[in-house]
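>>> Dropping the sequence and predicted coords here.
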2 protein chains.
Amino acid sequence: MYSPHLSATRQLKRRLGARVDTSEQGCWAASFDSSKISFLPVAVITPRTEQDIGPVLDLANRHRVPVTVRGRGTTLMGSAAPVRGGWVIDMLRLDKVTIDADAGMAHAQAGATTAAIQRAAAAKGWFYPPDPSSKEYCTIGGNIACNAGGMHGGKYGVTRDFVIALRGFLPTGEFVEWGTATKKFAAGFNLRDLWIGSEGMLGVVTGAVLKLVPMPAARWTLLTAFKDEAAAFNAARLLFRQRVQPAICEFLDRESVLCAERATGRTVFPGSAFAKAPADKQARRPVILIELAGSLAEVDDLKMEVLAWAQANAVAFKEARSRAEVEELWEVRRQCSGAMFELGDSKLNEDIVIPMRHYGKFARFIASLKRASNLPIPTFGHLADGNLHVNIMYHRDNPAETKAAEAAVEKLMKTVVALGGAISGEHGIGLAKTPFLRLQHNPAQVRAMQAVKKALDPRGILNPGKMFGVVRIWNYPRVQVKLPWDHK
Amino acid sequence: MYSPHLSATRQLKRRLGARVDTSEQGCWAASFDSSKISFLPVAVITPRTEQDIGPVLDLANRHRVPVTVRGRGTTLMGSAAPVRGGWVIDMLRLDKVTIDADAGMAHAQAGATTAAIQRAAAAKGWFYPPDPSSKEYCTIGGNIACNAGGMHGGKYGVTRDFVIALRGFLPTGEFVEWGTATKKFAAGFNLRDLWIGSEGMLGVVTGAVLKLVPMPAARWTLLTAFKDEAAAFNAARLLFRQRVQPAICEFLDRESVLCAERATGRTVFPGSAFAKAPADKQARRPVILIELAGSLAEVDDLKMEVLAWAQANAVAFKEARSRAEVEELWEVRRQCSGAMFELGDSKLNEDIVIPMRHYGKFARFIASLKRASNLPIPTFGHLADGNLHVNIMYHRDNPAETKAAEAAVEKLMKTVVALGGAISGEHGIGLAKTPFLRLQHNPAQVRAMQAVKKALDPRGILNPGKMFGVVRIWNYPRVQVKLPWDHK
């Protein structure tokens, strides 16, 4: 079998032995991420220590071998797919986490899962807020690569807001550290934050120091329903206008509620007038799930404000009165996304962001997009930061639906940018959003980014083919495989 | 008189007319910042609109004219001094601030002062936490350039943590925007954060969108005194171990307390046993000034914990029982820095950062440094984030003292880096810290930074001569001038 980079790969094997896997099965497993678009690498390296990575990069750089770093591959954007082949570095064995309980910091290797960091912190009374929904699987390295967010973004911030320092390697294999384990650092250009969100294209992160916050002593959960989507968006704005900052403020439109009900087999508001017709979307109501977090006293204070707001603005609301009831409410949110695959076998999940002042306009736009495309477009997301997941559902074998989906995503992205929003809030660009990068950034901005890429990775070995080239992933075949985090 | 860049400056004047000042007085006033080291520019441009700046840069870039952007010039690091001459852009007229009260964001032009932003936010119930002590004078553009911090860093964060989006110009004069007015943004490389802290060397910031937090409803202030510096550092660690996050936690060593007492004419702990001998440093006690902020209920809760901690660890403490008493306690902190000039006519103010786990070691080191150098080294700063201001005081005309000061600063920087700390927490590098940049960063790190500079400013026109060259500012003469924020 012909294999490019043969001599470099041989040297790699001599150097790292069993840490290098060139088997067909190993390469196949590393050939795709959650986008399920497959590009075969020629070798998969599983470092046992961070120091293993320097020589790999040195060799790759000298021989111009593409290198794609992967954690668990939960990204939907194709960011971890080795589009140009070459080598994949699998970080899963670098998964150490320690907590500095005095300073309120976590020291984590890139392969540690977000949930493992949260659990280690919680054991010492600390809280790591960023929580992508894949947190049981995804790694902090991946979170850093795409600047992952989650439901706590509005009040607490995203991954970037919690990264204090990074260490890792330049594509030359040289070891670097950006920042120290201190909350202040103003010495030299900030390459730490340039690496964050750069999707593995500027350097390889092997470890991070993360900021923690005191674990909130109390949480309180309320589910609210609204007349329609526009009313829900408007009500959220009214809440923020009072300067109430819920820890979580999750919106689900009627289609998302319907998906959740199908998945859980329960009606979201049992007994309410609008829960009568099980299959009828119009008989549902959009909901906002609110969670307050803080000290007991603080939550007690805010709760009164939120209940008064619900009374004035919602058509129904339900307070969780026990841990079990909280779980039940959250089940609605957790199940809605996977259950969407009953509306179509394919999903374009667009994690766009809308400035709060345009919530009303955006609600009207989504309603018109649903009508015009004639596709199900269940939409849910984080109203405290405007980061909404617009899920365009279609059947791949149906050319009319595929075309409508493609047109809808394009219209969506243009509208988002016209409203002063972002084409991605927490997923990154990868391959999936490459057609829209130039809607967000003017030519000078793109040139500046490319100049930075060229400066830090002159031979272009790190995750090549992402970000700047234009790839329409909906035209690619997908591997048929069930990933652990896929909808059952 | 010979003037370099003559033809370019003529074109500039034709283009911008009265916005260009080439008078001797105008150029002199723009020739130095708070470091008082003077380098004459050939023209000072005062843009009336942000759009004025594009053509200035375009012209400068084509003619390779150095461009230094200045706000008020409060920096102590020499960052705003036009070391290579050329043109200075003075941003003070671009000072518009508007508040988006729903989204909790401030939109500010680069020349707005930090205090003006705080006041505009406060008027709508919002709070902008970063608060350099020069906040009544310094501009947000300058804060962004050096990633300014202040007393609220431990709990709230620094300037970087509050910048949502930036707009401005590349050195080519091309307009760029980094980020949108949204709390999430994950689309493309993050040049926003690369600009922040880059000291005007990578681009020109003209405006920023800033994150605000709800104005705390309650504040509570406590002054505590400790047996000695080591006891104070140790007590602070114990407080943080309880996961108490004061909004402010300011430390003043005995020398700083003495300075404050001289400046205010009051003893910090009147009536206490150790306030008897007015001139004796050893008869003073180091203090920690604590401020809690939050909802009424939250502050009430935390107060009990802090009082119990003070009872167990402090030798004396005093709670402010009125707004006037709060002001009195803060007066101590505010006066100590300026009053240090009674200990020497020159100050090396080093805003280093120490990881919390090394507080004990650092307290011992500072004590030994004072003994070894035989200089007054009053030290104060922000214990919640380890950012301490070590003020090495000496008389410039005394060669022995100057030599001792230079040796002390070198020893300090080496120790800070050996303890895993940062050579600057909030001032930046400018000229003053250039001798120490390579202690903090290994050669690969410095090369990467220089590559980024070259990529974004290929002709090297933006604030040249800073960061990477080595300048020992203590060898330069200083202009004799009283700046508005100097000690009276």
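Yep, it's here.
>>> and stretch A:246-255, average pLDDT?
For stretch A:246-255, mean pLDDT rounds to 95.
>>> What of stretch A:435-445?
Mean predicted confidence for stretch A:435-445 is 98.
>>> That one: which residues count as buried?
Within stretch A:435-445, the residues scored as buried using 16 or more other Cβ atoms under 10 Å in any protein chain shown are A:435-437, A:439-441, A:444-445. Every residue, glycine included, has its C-beta placed from N, CA and C.
>>> Kindly report the same for stretch A:365-382.
Quick answer for stretch A:365-382 (16+ other Cβ under 10 Å): A:365-366, A:369-370, A:373, A:375-382.
>>> Can you get me the start-to-end distance on that stretch?
18 Å (Cα to Cα, to the nearest Å).
>>> which among the buried residues of stretch A:365-382 gets closest to chain B?
The shortest approach to chain B among these belongs to A:H382, at 7.8 Å (Cβ to the nearest Cβ).
>>> Look at the closest residue to A:Y476 other than its chain neighbours and give its secondary structure.
Spatial nearest neighbour of A:Y476, excluding adjacent residues (Cβ to Cβ, 6 or more residues apart in numbering or on different chains): A:I37 at 4.6 Å. Secondary structure for A:I37, judged by DSSP: H, G, I helix; E, B strand; the rest coil, is coil.
>>> For A:I37, give me phi and psi.
phi -100, psi 130 (degrees, to the nearest 10).
>>> list the contacts for the residue nearest to A:C138 when sequence neighbours are not counted?
Spatial nearest neighbour of A:C138, chain neighbours left out: A:T74 (4.4 Å); criterion: Cβ to Cβ, 6+ apart. Contacts of A:T74 were listed using Cβ atoms under 8 Å, 6 or more residues apart in numbering or on different chains, and they are A:33-34, A:132, A:134, A:137-138, A:142, A:483, A:485.
>>> in the sheet, who's paired with A:K318?
Applying DSSP bridges to A:K318 gives these bridge partners: A:L223.
>>> Touching, it and A:F269? I think so.
Yes - using Cβ atoms under 8 Å, A:K318 is in contact with A:F269, at 6.9 Å.
>>> okay, and the common contacts of the two?
Common contact partners of A:K318 and A:F269 (Cβ under 8 Å, 6+ apart): A:L223.
>>> dump the residue contacts of A:V65.
A:V65 neighbours (Cβ under 8 Å, 6+ apart): A:5, A:8-9, A:59, A:86-87, A:461.
>>> now the nearest residue to A:G78 once chain neighbours are set aside: how far from A:G344?
Closest residue in space to A:G78, ignoring its immediate chain neighbours: A:L431 at 3.4 Å, by Cβ to Cβ, 6+ apart. Distance from A:L431 to A:G344, counting by Cβ to Cβ, to the nearest Å: 21 Å.
>>> Look at these two and report which has more neighbours.
Per other Cβ atoms under 10 Å in any protein chain shown, whichever of A:L431 and A:G344 has more neighbours is A:L431, with 25 against 19.
>>> Tell me which helix or strand in chain A has the weakest average pLDDT.
Least confident element among the helices and strands of chain A, by mean pLDDT, DSSP states H and E: helix A:323-339 (a mean of 84).
>>> residues in contact with that one?
With Cβ under 8 Å, 6+ apart, helix A:323-339 has contacts from A:133, A:219, A:221, A:223, A:250, A:252, A:256-257, A:259-260, A:262-264, A:266, A:268, A:287, A:289, A:318, A:320, A:378, A:380, A:389, A:391, A:486-488.
>>> what about burial for those residues, which qualify?
For those, buried by 16+ other Cβ under 10 Å: A:133, A:221, A:223, A:250, A:252, A:256-257, A:259-260, A:262-264, A:268, A:287, A:289, A:318, A:320, A:378, A:380, A:389, A:391.
>>> By residue count, tell me the biggest helix in chain A.
helix A:399-418 (DSSP state H).
>>> from the contacts of helix A:323-339, which ones fall inside strands?
Secondary structure from DSSP state E places A:219, A:221, A:223, A:250, A:252, A:287, A:289, A:318, A:380, A:389, A:391 of the contacts of helix A:323-339 in strands.
>>> leaving aside the residues next to it on the chain, what's closest to A:D131?
For A:D131, the spatially nearest residue (Cβ to Cβ, 6+ apart) is A:G150, at 3.8 Å.
>>> Next, the buried residues of stretch A:452-462.
A:452-453, A:455-457, A:459, A:461-462.
>>> now, among these, which is nearest to chain B?
Nearest member of these to chain B, counting by Cβ to the nearest Cβ, is A:A455, at 3.6 Å.
>>> The closest one and B:D457 touch, don't they?
No - using Cβ under 8 Å as the test, A:A455 is too far from B:D457 to be in contact (11.1 Å).
>>> how far away is the residue nearest to A:Y476 from A:K184?
42 Å.
>>> Low-confidence regions, chain A specifically.
Regions of chain A meeting the criterion pLDDT under 70 cover residues A:1-3, A:270-283, A:488.
>>> mind redoing it with 80?
Within chain A, the segments meeting pLDDT under 80 span A:1-4, A:270-283, A:487-488.
>>> how's it carved up into domains?
A:104-214, A:218-418 (automatic domain parsing).
>>> winner for burial among those?
domain A:104-214 (a mean of 24; mean count of other Cβ atoms under 10 Å in any protein chain shown).
>>> what about it, start to end distance?
8 Å.
>>> And for stretch A:460-467?
13 Å.
>>> Distance from the chain centre to it, please.
20 Å (Cα atoms, centre = their mean, to the nearest Å).
>>> on that earlier part again, of all the ones in strands among the contacts of helix A:323-339, which comes closest to B:V209?
A:H389 (23.4 Å; Cβ to Cβ).
>>> and A:L6, what does it touch?
A:V42.
>>> so A:A148 touches A:S424, yeah?
No - using Cβ under 8 Å, A:A148 is not in contact with A:S424, being 11.0 Å away.
>>> Mind checking which of the contacts of A:T74 land in helices?
A:G142.
>>> could I get the contacts of A:T74 as JSON lines with distance to A:W309?
Shown next, in JSON lines, are the contacts of A:T74 (distance: Cβ to Cβ, whole Å):
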{"residue": "A:D33", "distance to A:W309": "40"}
{"residue": "A:S34", "distance to A:W309": "37"}
{"residue": "A:P132", "distance to A:W309": "28"}
{"residue": "A:S134", "distance to A:W309": "31"}
{"residue": "A:Y137", "distance to A:W309": "35"}
{"residue": "A:C138", "distance to A:W309": "34"}
{"residue": "A:G142", "distance to A:W309": "36"}
{"residue": "A:L483", "distance to A:W309": "39"}
{"residue": "A:W485", "distance to A:W309": "34"}
